[in-house]
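> Return atomic coordinates for the entry below.
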Amino acid sequence: MFDEVAPTYDLTNALLSFGQDRRWRKIVRKAVDPRSGQKILDLAAGTGASSVAFLKPGVSVVAGDFSEGMLAVGRKRHPEIEFVFADATKLPFADAEFDACTISFGLRNVVDVPKALAEMFRVTKPGGRIVICEFSKVTSRWFAPFYNFYLNKVLPAFSRLGSKTPEAYTYLSESILAWPNQHELKLKIEKAGYTNVSFQNLTFGIVAVHVGHKAAAK
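Just a heads-up that it's a prediction; the model follows:
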């Protein structure tokens, strides 16, 4: 499914989010706080639109994804980034390899979320961090009915009219509605071993950015 939507994936995301995806990426970049000498892992990186935000002098960025179609498009668009086929539940990286691990809008697509979080914890260096940007639960009572209408009516209509893969957007709606809320995800991140976990709601809670830390070595 993701292989098929790869060529138009970034444009579609921008349209469906009304341009909010750019703002969300800036906030994720600030949370990751890439610095010279660091190595950043961006999981579920797709075509690399999220990974580009972490590029700066002296920073090594690895974009991992489970879709070969996405990786192929990403390698053409961003040759400056290292793209790696990566199963989030069995990462092909060494222990404590990355200063920060981040995943945007991909964790809910993983079959075994606790295992993926455990793997991210494993490859995070002591003193490093995890940053997760994911759809969440709307916190505004007045906005919730409009958002539910958008998920249940607008997205399916869009998929029927403008997409060759309507099942992709049906899946998008279903996966968002089934995803745990902000506090439940916070508990999952803590259970994986991260400490000082916090989250920031964006756009009325449509999206939440969670940040956790791996204790520094003693």
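> which residues in this structure form helices?
Using DSSP state H, the helices found in the chain span residues 2-5, 9-16, 20-32, 68-77, 113-123, 144-149, 155-162, 166-178, 182-191.
> mean confidence for the first one?
What that stands for is helix 2-5. Helix 2-5 carries an average pLDDT of 51.
> same check, this time on the last one
Mean pLDDT, computed over helix 182-191, is 98.
> Which strands or helices does it pack on?
The helices and strands touching helix 182-191, judged by 3 or more Cβ pairs under 8 Å, 6 or more residues apart in numbering; DSSP states H and E, are helix 113-123, strand 124-135, strand 195-202, strand 207-213. All C-beta spots, glycine's among them, are computed from the backbone N, C-alpha and C.
> how far does the third one sit from the chain's center?
Mean C-alpha position of strand 195-202 versus that of the full chain (Cα atoms, centre = their mean, to the nearest Å) differs by 15 Å.
> just the last one next, same as before
For strand 207-213, the distance from its own C-alpha centre to the chain's C-alpha centre is 10 Å (Cα atoms, centre = their mean).
> So which elements touch it?
Short answer (3+ Cβ pairs under 8 Å, 6+ apart): strand 207-213 packs on helix 20-32, strand 124-135, helix 182-191, strand 195-202.
> so C133 makes contact with T203?
No - taking contacts as Cβ atoms under 8 Å, C133 lies outside contact range of T203: 11.6 Å.
> re the thing from before, tell me the most buried of the helices and strands packed on strand 207-213?
strand 124-135 (a mean of 21; mean count of other Cβ atoms under 10 Å).
> Next, the angle from it to strand 207-213.
Strand 124-135 and strand 207-213 are oriented at 170 degrees to each other (axes from the mean of the first three to the mean of the last three Cα atoms, to 10 degrees).
> G127 versus the most far-flung residue of the chain relative to its centre, what's the distance?
Distance to the chain centre peaks in the chain at K218, reaching 30.5 Å (criterion: Cα atoms, centre = their mean). Distance of K218 to G127, given as Cβ to Cβ, to the nearest Å: 11 Å.
> try S60
17 Å.
> ditto for P114
23 Å.
> next one: T203
31 Å.
> Mind checking the helices and strands packed on helix 182-191 for the one nearest to L177?
Closest approach to L177 among the helices and strands packed on helix 182-191 (Cβ to Cβ): strand 124-135, 9.2 Å.
> just for this structure, where's the confidence low?
Low-confidence segments of the chain, defined by pLDDT under 70: 1-19, 158-170.
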